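Chemist: pasting the structure only:
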């Protein structure tokens, strides 16, 4: 990081990353651009990130605080370093399972600050682990990583620490520091984030790669006992860090509303954000990018895209992974798949679980149903129930598909939405949609089950979320005092089309039972259907990034998209179902049916 002036004005201007493509003129070869989105807004001057499947940490530049971030992007205090009390960069790593071979306790967190390395135990106790390290003279730029290779590890599964001046160290679990290299850098050189690259990854596999920000390059340090230094193995503008993409990648909070996030990148000065990259950036198209390398940039415009490094014919190939987020990009982190989990894993508010699961499948019933007519029906009479419900009502809405044909193998993303009326301002209201089916006459007259949907209106929350459990059942939690504008996501089905549909399908009917637990609350609902290609969608709804509400505030997707939009794949929408493609990411809505009035 270059010397800078602390910025206190936090003007919230959010640029569309893909909109910068016209400025860079980058040709995206084999892989599509990345899709970073703002995720953490509440950490001042974020400087680095460290992530596991159930833990996300962010450090602050101008305080000693380390923040823990939940699945909704909210940050709370995790630990406070004894530190220097001034604005200094702090970089972090979480000890993986392999580090036990070097005497570490997996899941302990390690933080560099100046010449010191601090340890934060799983119990939150902070101690000085190593230092002051001789040869680390700068307050900033001191990188940290672990050797994940083996067993046995190429570098003994030790911690690897780099210092700006070019010194590289191994540190074992006892805190013993061993210098292994000193890179011959020019005055003002800036060595930054290191990574141990897997053996076999091209001519410099099995080595420590280090970023050199001032020299716009990457250097390599070979394995013991010689630790041979090779300078300038790659060029990259303002190189901030080297990152090995886990093979295969994994995710923090494998749930909407954020979608499963695989990579986090801090922007320290301009907007003071942490950006997240969806898991699909590294898994689609198959077989994905696991085992390759990313190079990030701190600054610059032209040529400063994030670089994807692959190997072809024994040589390194660099392609753009997409424009970097605007501002001063500091530390980044992949979700470390090798850090052991602590159960339970984090969930955003309600009862959903973040366990990755197999794709839920739709099951045709054996009994064909009669063909519904398009004639509007009278509203069913609400049925009081003795089970603690104020109202329970069966309901159905027939609707027609448009004339666009739908190819076998594509997905139809069915979504239902609701509006609630008569909500109290001081108590929680729970609404469920159960026993749901969708009848598609053109698919053999089949009727397909829809996972349950639950909507919780809670006056104590101020952020809308949607989560999915392993069976595809959704839970959407929404503020109710005040309420948000427009519709709320109710339930969804990602239907894998088994055979070609010619278009113009009539009387596609969604049915189910709506239950409300609070007297005086009525529900009006609708449904829609959009088509997505098999290559750019998922049968697992937890991977879609489902927008919970229509409103453009107080939810993870600050845009005007409709509730139910699959934000992680919306750019791939096709014509068909009830939508015409383009920007109609959910399809047009059906007629409205109201119950419990």
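Modeler: Perfect, thanks for sending it. Here the structure is a predicted model, which means the values were calculated and not measured. Residues are numbered from 1 along each chain as shown.
Chemist: who's in contact with residue 399?
Modeler: When the contact criterion is CB atoms under 8 Å, 6 or more residues apart in numbering, the partners of residue 399 are 507, 508, 509, 510, 527, 578, 590, 591. Backbone N, C-alpha and C define where each C-beta goes, glycine included.
Chemist: Quick check: beta-bridge partners of it?
Modeler: residue 508 (DSSP bridges).
Chemist: What of residue 411?
Modeler: Judged by DSSP bridges, the bridge partners of residue 411 are residue 496, residue 532.
Chemist: Equivalent analysis for residue 447, please.
Modeler: residue 439.
Chemist: going forward can the numbers begin at 8, since that is how I track them
Modeler: Okay, using 8 as the starting number, the last item reads as residue 454.
Chemist: picking that back up, drop anything exposed from the contacts of residue 406.
Modeler: By neighbour count, with 16 or more other CB atoms under 10 Å, these hold 514, 515, 516, 517, 534, 585, 597 as buried.
Chemist: possible to save those as a markdown table with distance to residue 220 and pLDDT?
Modeler: Listed next are the buried ones among the contacts of residue 406 as a markdown table, based on distance: CB to CB, whole Å; pLDDT from 0 to 100:
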| residue | distance to residue 220 | pLDDT |
| --- | --- | --- |
| 514 | 62 | 92 |
| 515 | 56 | 94 |
| 516 | 60 | 95 |
| 517 | 55 | 96 |
| 534 | 52 | 97 |
| 585 | 51 | 94 |
| 597 | 55 | 93 |
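Chemist: quick one on the thing from earlier: what's the closest of the contacts of residue 406 to residue 111?
Modeler: The closest of these to residue 111 turns out to be residue 534 (CB to CB; 52.1 Å).
Chemist: part of a strand, is the closest one?
Modeler: Yes: using DSSP: H, G, I helix; E, B strand; the rest coil, the secondary structure at residue 534 is a strand.
Chemist: Confirm for me that it is in contact with residue 420.
Modeler: No: using CB atoms under 8 Å, residue 534 is not in contact with residue 420; the gap is 11.1 Å.
Chemist: for the residue nearest to residue 221 when sequence neighbours are not counted, what are its contacts?
Modeler: Excluding the flanking residues, the one nearest residue 221 by CB to CB, 6 or more residues apart in numbering is residue 197, at 4.4 Å. Residue 197 is in contact with 148, 171, 219, 220, 221, counting by CB under 8 Å, 6+ apart.
Chemist: Nearest to residue 94 among the residues you listed?
Modeler: Nearest to residue 94 among the contacts of residue 197: residue 148, at 13.4 Å, using CB to CB.
Chemist: three-state assignment of the residue nearest to that closest one when sequence neighbours are not counted?
Modeler: Distances taken as CB to CB, 6+ apart place residue 171 nearest to residue 148, at 3.7 Å, with adjacent residues excluded. Following three-state DSSP, the label given to residue 171 is coil.
Chemist: Give me the phi and psi for residue 171.
Modeler: Phi and psi for residue 171, reported as degrees, to the nearest 10, are phi -50, psi -40.
Chemist: ditto for residue 543
Modeler: According to degrees, to the nearest 10, residue 543 has phi -130, psi 50.
Chemist: Quick check: closest non-adjacent residue to it.
Modeler: residue 579 (3.8 Å).
Chemist: Repeat that for residue 498.
Modeler: In this structure, residue 498 finds its nearest non-sequential neighbour in residue 460, 2.8 Å apart by CB to CB, 6+ apart.
Chemist: That neighbour against residue 440, yeah?
Modeler: Yes: the criterion here is CB under 8 Å, and residue 460 meets it with residue 440 at 4.1 Å.
Chemist: what touches both of these two?
Modeler: Listed as contacting both residue 460 and residue 440 by CB under 8 Å, 6+ apart are 423, 497, 498.
Chemist: Can you give me the separation between the second one and residue 474?
Modeler: When CB to CB, to the nearest Å is applied, the distance between residue 497 and residue 474 equals 14 Å.
Chemist: Mind listing the shared neighbours of these two?
Modeler: residue 483.
Chemist: possible to save the contacts of residue 406 as TSV with distance to residue 56?
Modeler: Compiled in TSV, the contacts of residue 406 are given as follows (distance: CB to CB, whole Å):
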residue	distance to residue 56
514	51
515	45
516	47
517	41
534	39
585	40
597	43
598	47
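Chemist: Excluding covalently adjacent residues, which one is nearest to residue 523?
Modeler: Leaving aside its sequence neighbours, residue 523 sits nearest to residue 398 (CB to CB, 6+ apart; 4.6 Å).
Chemist: from memory the one you found sits against residue 601, does it?
Modeler: No: judged on CB under 8 Å, residue 398 makes no contact with residue 601 at a distance of 11.6 Å.
Chemist: If you count surrounding residues, which of those two has more?
Modeler: Taking other CB atoms under 10 Å, residue 398 and residue 601 do not tie; residue 398 has more neighbours (22 against 16).
Chemist: Tell me where the model's unsure across the stretch 458-604 of the chain.
Modeler: Within the stretch 458-604 of the chain, no stretch falls below the threshold (pLDDT under 70).
Chemist: before we move on, what about the stretch 8-157 of the chain?
Modeler: 8-39, 91-93.
Chemist: Please enumerate the strands of it.
Modeler: With DSSP state E, counting those that start in this stretch applied, the stretch 8-157 of the chain shows strands at 44-47, 53-59, 62-67, 72-76, 82-87, 97-101, 116-120, 123-127, 133-137, 150-153, listed in chain order.
Chemist: taking the ones you listed together, which one is wrapped up most tightly?
Modeler: Stretch with highest mean neighbour count among those: strand 53-59 (a mean of 27; mean count of other CB atoms under 10 Å).
Chemist: which other residues reach it?
Modeler: The contact list for strand 53-59 (CB under 8 Å, 6+ apart) reads 47, 63-68, 96-101, 114, 116, 259, 271-275, 279-281, 337-343, 346, 348.
Chemist: That strand pairs with which strands?
Modeler: strand 62-67 (antiparallel), strand 336-343 (parallel).
Chemist: possible to save those as TSV with distance to residue 410?
Modeler: Shown next, in TSV, are the strands paired with strand 53-59 (distance: least, CB to CB, whole Å):
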stretch	distance to residue 410
strand 62-67	46
strand 336-343	43
